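sequence below, structure please.
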Amino acid sequence: MAATEVSICSNALLMLGSQPINSLTENTDRARLASNLYPAVRNYVLRRHPWNCAVKRVALAPDVAEPAFDWAFQYTLPADYMRTLSVGEAGAEVPFKIESGKLLCDDNPVLLRYIWRNENPATWDDMLVWGVTMSMKAVFAYPVTQSASLEQVVESALKDVLKQARAVDGQDDTPDALGDSPLLASRFGGGSGWRR
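Here you go, the predicted model:
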């Protein structure tokens, strides 16, 4: 069965020994708590790592208005933008700055690779679903159980869960190459085109 906002929150509540919810809009304290906390927790977990299911690439056209100084162009960030991963093609990234919802850059057009706000858990990797579920469990721990010690135990376990989830998700990509580096070249006694 595909994950949903309700299933994620219900599973977190069940793990704490509480009753599940049927909807984020039902008239219960648990549902109100879930409805208030879930969007922030989801966004926090999505923004922390470039989850493969939450990465997009776009070519942006510049805004009509130019930056007042320092940069040649400014671009309005996509509405679902959460965090920049790179600007420019792989291996030829370009300098940029994010200010007030705009990307400032000297290139036109600009190629942006970014984390987007993927709000559909049915499209998430299982590890991301588990990470958000455990994150919800952590934020529910004290309000649901009134136990500060349980809250600390859950938060400690959450760190390991997110670390493992990011490691597994990161294995779905080609490893980053070290590339040419003067420091590496001098370390291995060659020019910029050293080989091991």
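
quick one: the closest residue to P78 other than its chain neighbours from Y142, how far?
Nearest residue to P78, sequence neighbours excluded (Cβ to Cβ, 6 or more residues apart in numbering): V58, at 6.3 Å. Heads up, the C-betas are built off the backbone N, CA and C, glycines and all. In this view, V58 and Y142 are 40 Å apart by Cβ to Cβ, to the nearest Å.

gap between the nearest residue to W124 once chain neighbours are set aside and S147?
Nearest in space to W124, with sequence neighbours left out and distances taken as Cβ to Cβ, 6+ apart, is C53 at 5.2 Å. The gap separating C53 from S147 is 33 Å, by Cβ to Cβ.

and if you look at K97?
45 Å.

for the chain, which segments are assigned as strands?
Taking DSSP state E as the criterion, the chain carries its strands at 55-60, 73-76, 81-89, 92-93, 96-99, 102-105, 110-116.

list the buried ones in stretch 34-46?
Residues of stretch 34-46 classed as buried by neighbour count (16 or more other Cβ atoms under 10 Å): A34, S35, L37, Y38, V41, R42, V45, L46.

nearest residue to the fifth one in space, please, no chain neighbours.
It refers to V41. S135 (4.9 Å).

what's the local residue count around that neighbour?
As a burial measure, S135 scores 25 neighbours (other Cβ atoms under 10 Å).

cool, the one 3 residues further on as well?
When neighbours are defined as other Cβ under 10 Å, A138 has 22 of them.

C105 now?
Around C105 there are 25 residues (other Cβ under 10 Å).

that one reaches Y75, doesn't it?
Yes. With contact defined as Cβ atoms under 8 Å, C105 reaches Y75; the gap is 6.9 Å.

pLDDT weak spots in the chain?
150-151, 154, 157-158, 161-162, 165-166, 168-196 (pLDDT under 70).

in it, which spans are helices?
Shown for the chain, the helices assigned by DSSP state H span residues 5-15, 29-48, 126-145, 148-170, 182-187.

I'd like those as JSON lines, with distance to W71 appended.
Listed next are these as JSON lines, based on distance: least, Cβ to Cβ, whole Å:
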{"stretch": "helix 5-15", "distance to W71": "39"}
{"stretch": "helix 29-48", "distance to W71": "24"}
{"stretch": "helix 126-145", "distance to W71": "34"}
{"stretch": "helix 148-170", "distance to W71": "32"}
{"stretch": "helix 182-187", "distance to W71": "28"}
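
the closest residue to L104 other than its chain neighbours and D107, how far apart?
Nearest residue to L104 in three dimensions, chain neighbours excluded: W71, at 4.0 Å (Cβ to Cβ, 6+ apart). For W71, the distance to D107 equals 10 Å [Cβ to Cβ].

ok, S7 next?
Distance from S7 to D107, by Cβ to Cβ: 43 Å.

repeat that for F140.
45 Å.

who has more neighbours, those two?
F140 (23 against 18).
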